[in-house]
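Asks: Below are the sequence and a predicted model; questions follow.
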Amino acid sequence: MLLADNYGEKLLLMNNVFQKNIAALGAKNHKLALKLQVHIPDAVPQLIQTNGYNLLYKNKVLHNEQNPLGEAHSIFSYAKNEPVSIHLVYGLGLGYLFQVTSMKSKGTVILYEPDLNILKIVLSLVDFSNDFLKPNVFVCSEYDEVAYIIHQKSGMKNSPEMLTLPSRMQEEGFADLVKKLQNMVGAYDLDLRYTKERFYPSLKMLLKNILYLFDETPLAHFKDVYKGKTAVIVSAGPTLDRNIETLKKYRDKYVLFTVGTALKTLIANGIKPDFLSVIETYDSSKQLAGVDVSDIYFITEPYSNPNLRSFEFKRRFSHIASNVPINQFWAEVCGENIEEYFSKGTVSYTALNSARILGCSKIILVGQDLAYIGGQCYSKDSAYKDLVCAKNSETGKWEITAKNFEEFADALSNSSDSEIRRQTAKRRLTNLNNSLHFVKGISGDMIPTEAVYAAFVSPLQEFAVKFGDRTYINTSLVGAQLDGYENLPLEEALKDAETVGNISLDTTFDYDKEFVLSNLDSKLAELNTAKVMIEEGKRFAKALNNDLKRYRNATVEVLKSLRKLSENYISLCTFAEKSKLFDFITTSDRIDLDYEMKMIQKFDVETVTNIMNKISKYHANSEKRIKEVESINTKG
């Protein structure tokens, strides 16, 4: 803490401390360092003494008046502290909590202080330069900076923990910040789960689809074909039912896009969509079973389940989302420009972007509730109509159940084994209840939903901002609030729409098959290098296992063998950065293994054995999957 009796000395010390902090901060966040150098505070925090130094700001004392340092230690004591921990310190104050966290944290420390007045003054009073220069410490004043670091550091087993002074929790907007962070972390968790659970299945689906993809036209080749027209995107939320008659009344006034779960509701009510969009890698063909789709255009992703392509559509189109890694691989192979395509994990987003690509200037959402409305989870004629959400009278908690469990199980799974269908349904209900969440409704109340739906709110809102050159309308009126969308009844949204007319999408398109297959062969040939490296790794693992049996302790010899095995693993990870095909094959195992290795605190026999077994499993799975990939027929 800065101390000086003479006013001139104080100013000199303050300037020296500030410049020292700015120099250190500039190495981590150059943009913030520049902002602070020119910032002129419009409200000045005052250094005061209670029982120790404290800060008075806007008539509020920021730290505990009796023991500010003890308060900081107490707050940190409740946090999990592991090498993969992420400690998000909200609010700097005089830095007690930040410096305690910087000193004690075994993981990542993020200081988030959005108030430049506090940063400017406190960085003139307290020397944080050593803290700022630590490799695990990051300093931010903007939410997007925090989001970026969390995205880089978070994983499936290490959600960030927020450490905050009680005085800052009372600030206006703090609850909204917490909710925003929760939704962001939920979205990142969703992305990582997709990466872990879907990378390899997506690769297999893509390779199995190669011959089908030659007959799927990339959607952007029909860019702006519906320029100036109105689009309606139908999802299977409960409010779809109340809009059926209006959809019928104005059917010639809009281009109709629907997701798979809403298809049967529309067909049952005599409404034929123009476009159907389904993108799942699992077999969701039951959503289409029994429906004549011969006069419906189909929009899907290159990695979606091959069984979806067994239906006779009017024409199939590829929506090749550029932010999905497997599609980046496909773009390299086929040479197609995919800049127009974006995805955020929900098929409704795919349909929304498809309407934009095709030029629709007014886009209306129907059934996009993203919440459980009146206890109902889906439209009454949709595939998952049996799900209901209600408060349990005994526990007082909200629960999701199936009115008819057997029907729900049949709708969810295509398995011929009834027990497998039931177990799949049970797991789905368990997951839904474990992820029960609440979002801000259009009326302003908090309404129940699942975490996945809550995570979709931000991407839909961001879409409206990113592509702000058209009109967006949400007709739910009782579901989740979507900023950037006007809340209107469907009748009002459609009453002035012009007739769409007969617009043809029959222009031919052909891939260069020889070019595509030649590129794919080159990618597959890269796996030969990986196989050689894996064989070498297996020899290192065998040698390490023999050393463990011989020495029965983590001796120098054992650790040397472990080093060779670890270096081989690192080489394979480096190779995965060069070969996307190998990356897709190994990512799921690598996520878990990287976590295990980061958690190592000491190298004893148990730890070395665990790492050896995990790397050996990585080798075995890699070999197995390479064989599976090489066995897929991509030439017909």
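Replies: Sure thing, it's come through.

Asks: The stretch 351-500 of the chain: helices as residue ranges?
Replies: Secondary structure of the stretch 351-500 of the chain (DSSP state H, counting those that start in this stretch): helices at 405-412, 418-434, 451-466, 490-494.

Asks: got the angle between the first one and helix 418-434?
Replies: What that stands for is helix 405-412. Taking axes from the mean of the first three to the mean of the last three Cα atoms, to 10 degrees, one finds helix 405-412 and helix 418-434 inclined to each other by 90 degrees.

Asks: Residues contacting helix 405-412, please?
Replies: Applying Cβ atoms under 8 Å, 6 or more residues apart in numbering, the contact partners of helix 405-412 are K286, A383, Y384, D386, L387, A402, S418, R421, R422, T424, A425, R428. (Glycine included, C-beta is placed from N, CA and C.)

Asks: The fifth one contacts A402, doesn't it?
Replies: In other words, L387. Yes. Counting by Cβ atoms under 8 Å, A402 is a contact partner of L387 at 5.8 Å.

Asks: follow-up on the earlier one: got a PyMOL select line for the buried ones in the contacts of helix 405-412?
Replies: Filtering the contacts of helix 405-412 down to the buried ones (16 or more other Cβ atoms under 10 Å) takes a single PyMOL command:
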select buried, resi 286+383+384+386+387+402+421+422+424+425+428
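
Asks: Could you find the closest non-adjacent residue to N392?
Replies: Spatially, and ignoring its direct neighbours in sequence, N392 is nearest to E399 (4.9 Å; Cβ to Cβ, 6 or more residues apart in numbering).

Asks: ok, what's across the strand from that neighbour?
Replies: Counting by DSSP bridges, E399 is bridged to A390.

Asks: ok, back up a step: so for S504, which of the helices of the stretch 351-500 of the chain sits nearest?
Replies: Of all these, it is helix 490-494 that lies closest to S504, at 23.6 Å by Cβ to Cβ.

Asks: What helices and strands are in contact with the closest one?
Replies: Helix 490-494 sits against helix 244-249, strand 362-366, with contacts defined as 3 or more Cβ pairs under 8 Å, 6 or more residues apart in numbering; DSSP states H and E.

Asks: The helix or strand just after the longest one pairs with which strands?
Replies: As assigned by DSSP states H and E, the chain's next helix or strand after helix 244-249 is strand 255-259. Sheet partners assigned to strand 255-259 using DSSP bridges are listed as strand 230-234 (parallel), strand 275-277 (parallel).

Asks: Outside of the shortest one itself, which residues are in contact with it?
Replies: Under the contact criterion Cβ under 8 Å, 6+ apart, strand 275-277 has outside partners 255-260, 263, 288, 293, 296-300, 313, 319, 347, 350-351, 354.

Asks: Selecting buried members of the residues you listed in ChimeraX, what would you type?
Replies: Listed next is the ChimeraX selection for buried residues among the contacts of strand 275-277, using 16+ other Cβ under 10 Å:
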select :255,256,257,258,259,260,263,288,293,296,297,298,299,300,313,319,347,350,351,354
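
Asks: per-residue confidence for D469?
Replies: For D469, the model assigns a pLDDT of 95.

Asks: Give me the phi and psi angles of it.
Replies: Note on D469: its backbone torsions stand at phi -90, psi 10 [degrees, to the nearest 10].

Asks: What is the burial count for it?
Replies: 7 (other Cβ atoms under 10 Å).

Asks: can you offset everything so residue one is 182?
Replies: Got it, first residue is 182 now, which makes that one D650.

Asks: Contact partners for it?
Replies: By Cβ under 8 Å, 6+ apart, no residues touch D650.

Asks: likewise F756?
Replies: If you count contacts by Cβ under 8 Å, 6+ apart, then F756 has T710, A711, M714, F763 around it.

Asks: how about 10 Å then?
Replies: Listed by Cβ atoms under 10 Å, 6 or more residues apart in numbering, the contact set of F756 reads E707, T710, A711, M714, F763, D764, T767.

Asks: Okay, and which of those map to helices?
Replies: T710, A711, M714, F763, D764, T767 (DSSP state H).

Asks: For Y238, which residues are in contact?
Replies: Y238 neighbours (Cβ under 10 Å, 6+ apart): A224, V225, P226, Q227, G274, D296, N298, I299, I302, V303, S348.

Asks: Could you do P249 as well?
Replies: Contacts of P249 (Cβ under 10 Å, 6+ apart): 231-236, 242-243, 274-275, 277-278, 346.

Asks: Can you flag the buried ones in these?
Replies: Looks like these have G233, Y234, N235, L236, V242, L243, G274, L275, Y277, L278, L346 buried, using 16+ other Cβ under 10 Å.

Asks: any idea how far K385 is from the last one?
Replies: What that stands for is L346. Per Cβ to Cβ, to the nearest Å, L346 is found 50 Å from K385.

Asks: Ok, L533 next?
Replies: Per Cβ to Cβ, L533 is found 28 Å from K385.

Asks: Give me the residue ranges of this protein where confidence is low.
Replies: 182-195, 336-339, 363-378, 556-565, 616, 780 (pLDDT under 70).

Asks: buried stuff in stretch 683-694?
Replies: L686, Y692.

Asks: repeat for stretch 277-292
Replies: 277-283, 286, 288-292.

Asks: Let me know the distance separating D598 from R609.
Replies: In terms of Cβ to Cβ, D598 sits 16 Å off from R609.

Asks: Kindly report the same for G625.
Replies: 31 Å.

Asks: before we move on, what about N802?
Replies: 26 Å.

Asks: For I330, which non-adjacent residue is closest in space?
Replies: F319 (5.1 Å).

Asks: Give me the sheet partners of the helix or strand harbouring that neighbour and which way each runs.
Replies: Using DSSP H and E, F319 sits in strand 318-321. Next to strand 318-321 in the sheet, as set by DSSP bridges, lie strand 289-293 (parallel).

Asks: What are the buried residues along the strand or helix carrying Q230?
Replies: Assigning secondary structure by DSSP H and E places Q230 in strand 227-231. When burial is assessed from 16+ other Cβ under 10 Å, strand 227-231 yields no buried residues.

Asks: just the angle between the next helix or strand after that strand and strand 227-231, please?
Replies: Per DSSP H and E, the first helix or strand lying C-terminal to strand 227-231 is strand 233-238. Relative orientation of strand 233-238 and strand 227-231, computed by the same axes, to 10 degrees: 140 degrees.

Asks: L613 reaches V569, doesn't it?
Replies: No. Counting by Cβ atoms under 10 Å, L613 stays clear of V569, with 11.1 Å between them.
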